[in-house]
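# just a sequence and a predicted model for now, questions to come.
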Amino acid sequence: MKENRKHNVILIGYMGSGKTSVGECLSKRLTYHFRDTDQLLERKAGDTINHIFATRGEEYFRNLETELLMELNDNLEHTVLSTGGGLPLREQNASLLRKMGYVVFLKASKQTIIKRINRDTTRPLLRGGDINQKVESMLAVRTPIYERTAHKIIATDDKSVDEIALLIMEAYLKQISK
């Protein structure tokens, strides 16, 4: 983990992969702070992600994410950071995440993701159309990026939040003790 200069765990993955739930659990186990980029972004923008997408578009939203990440880079320490699903898509962001901490990709199958997000109408990228097709095409694009960005990949299917948090904690503590 030569790129990592700080003691942070960064969770990346597709929406519905468990980043926020696992992040909250992991932060308690590590006695670290917990931050969620989506929540921070909404607070900073004074608006919801849905409304930003609807009124300003995805490109504007992605620019806000990059700005937020650059701000966080300067003052994030002993933190578990849950990121928005699209945040690592920009190479600049992926590179910065790796410098900010130990990046873990929470990998879930298409079926698991659909089951978890099917009832959530607040996901701006999933509105309208066939959810199976949308998730499949987004996974095809995003999975290789997540895999390239991560220091560690954890499969989340059929695991509890606590089990996933323990797996991450073991890998992270082993890594920082090297």
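That came through, no problem.
# so residue 147 sits against residue 153, correct?
Yes. Shown here, residue 147 and residue 153 form a contact pair, counting by CB atoms under 8 Å, at 6.4 Å. Yep, even glycine has a C-beta here, placed from its N, CA and C like the rest.
# between the two, which is the more surrounded one?
The residue with more neighbours, out of residue 147 and residue 153, is residue 153; 16 against 12, by other CB atoms under 10 Å.
# and for the spatially closest residue to the more buried one that is not a sequence neighbour, the neighbour number?
Leaving aside its chain neighbours, residue 153 sits nearest to residue 105 (4.7 Å; criterion: CB to CB, 6 or more residues apart in numbering). Residue 105: 26 surrounding residues under other CB under 10 Å.
# ok, now the one 4 residues further on?
As a burial measure, the neighbour count of residue 109 was computed by other CB under 10 Å and equals 15.
# can you report phi and psi for the closest residue to it other than its chain neighbours?
Spatial nearest neighbour of residue 109, chain neighbours left out: residue 157 (5.2 Å); criterion: CB to CB, 6+ apart. The main-chain torsion angles of residue 157 are listed as degrees, to the nearest 10 and equal phi -60, psi 140.
# quick one, what contacts residue 157?
Listed by CB atoms under 8 Å, 6 or more residues apart in numbering, the contact partners of residue 157 are 108-109, 112.
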